[in-house]
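Q: Using only what follows, build the 3D model:
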Amino acid sequence: MLSSYDLAAIMARLEGREAALDALTQERQAAVAAILRAPAGPLGTALEPAGSPDPGEAELLLIRRAEHPGDPWSGHMALPGGRREERDDSLLATAIRETHEEVGIDLAAHGTLLARLPDIPAVVRGRRVGMIIAPFVFALRSTPDLTLSGEVAEALWTPLGPLARGERTSSYAYTHEGNVLQLPCLRVDERVVWGLTYLMLEQLFALLHR
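A: This next block holds a predicted model:
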């Protein structure tokens, strides 16, 4: 486990990792961005990671997806991202484009790519749906104001440390085909992070703790 979850320590732990190439697949593809920043200063500007003896723990951007009929992830807590389009020359490009469209952050201008986590098959109600999701991890050099699209009901920054240390780990009662399953989750105030987003964050934590 990291002794500190400040942004500089996280960047040092992930330094030198090569991003995997996009897999050859006939399945649909999507990409998301796990975006980290140094904690906001008194005026709302991000502190430099090494700007003080105690720079504070890095913060993670989470969104809550808007409610849309027919969307299997409607209303879920998530990471910014979405499906790959023909104009995207890579899944990294998808993550950058979707993040800009959903929350207004230009990762090409303000972010540094730290890692690509293993691809995850999309699952809805316990079944694969023929789509692969590629999660990318970014650190922000500066934090622009968030501008939410109609696809996003809410966005918030939350400290990464309590999530990574297991302090927010809990269980979520999910009803599937008449059975109530207790699924692992993370609690962020009254919000529940579970399912695919939970799995992606667990991959990030495993990488930080290796």
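
Q: drop to CA atoms for contacts and neighbour counts, all remaining ones
A: OK.

Q: so for the helix or strand hosting Ile63, what's the average pLDDT?
A: Assessed by DSSP states H and E, Ile63 sits inside strand 59-65. Here strand 59-65 scores 97 as its mean pLDDT.

Q: Please name the strands paired to that strand in the sheet, noting orientation.
A: Counting by DSSP bridges, the strands paired with strand 59-65 are strand 28-37 (antiparallel), strand 77-78 (antiparallel), strand 152-159 (antiparallel).

Q: among those strands, which is nearest Leu204?
A: When the strands paired with strand 59-65 are compared by CA to CA, strand 28-37 sits nearest Leu204, at 8.9 Å.

Q: Can you give me the buried ones in that closest one?
A: 29-37 (16 or more other CA atoms under 10 Å).

Q: Settle this for me: Leu204 is touching Pro118, isn't it.
A: No. The criterion here is CA atoms under 8 Å, and Leu204 misses it with Pro118 at 9.5 Å.

Q: the more surrounded of the two?
A: Neighbours per residue (other CA atoms under 10 Å) separate Leu204 from Pro118, with Leu204 holding more: 21 against 15.

Q: that older thread, mind putting the strands paired with strand 59-65 into TSV with mean pLDDT and distance to Pro144?
A: Rendered in TSV, the data for these read as follows (pLDDT from 0 to 100; distance: least, CA to CA, whole Å):
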stretch	mean pLDDT	distance to Pro144
strand 28-37	97	11
strand 77-78	96	20
strand 152-159	97	13
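
Q: So for Val103, which of these sits nearest?
A: With CA to CA as the measure, strand 152-159 is the member of the strands paired with strand 59-65 nearest Val103 (7.7 Å).

Q: so how far is the closest one from its chain's centroid?
A: 11 Å (CA atoms, centre = their mean, to the nearest Å).

Q: What are the buried residues along that strand?
A: Those would be 152, 155, 157-159, for strand 152-159 by 16+ other CA under 10 Å.

Q: Give me the sheet partners of the longest strand seen in the chain and which way each runs.
A: As assigned by DSSP state E, the longest strand anywhere in the chain is strand 127-140. Strand pairing for strand 127-140, using DSSP bridges, gives strand 28-37 (parallel), strand 111-116 (antiparallel), strand 120-124 (antiparallel).

Q: Many thanks, we can stop here.
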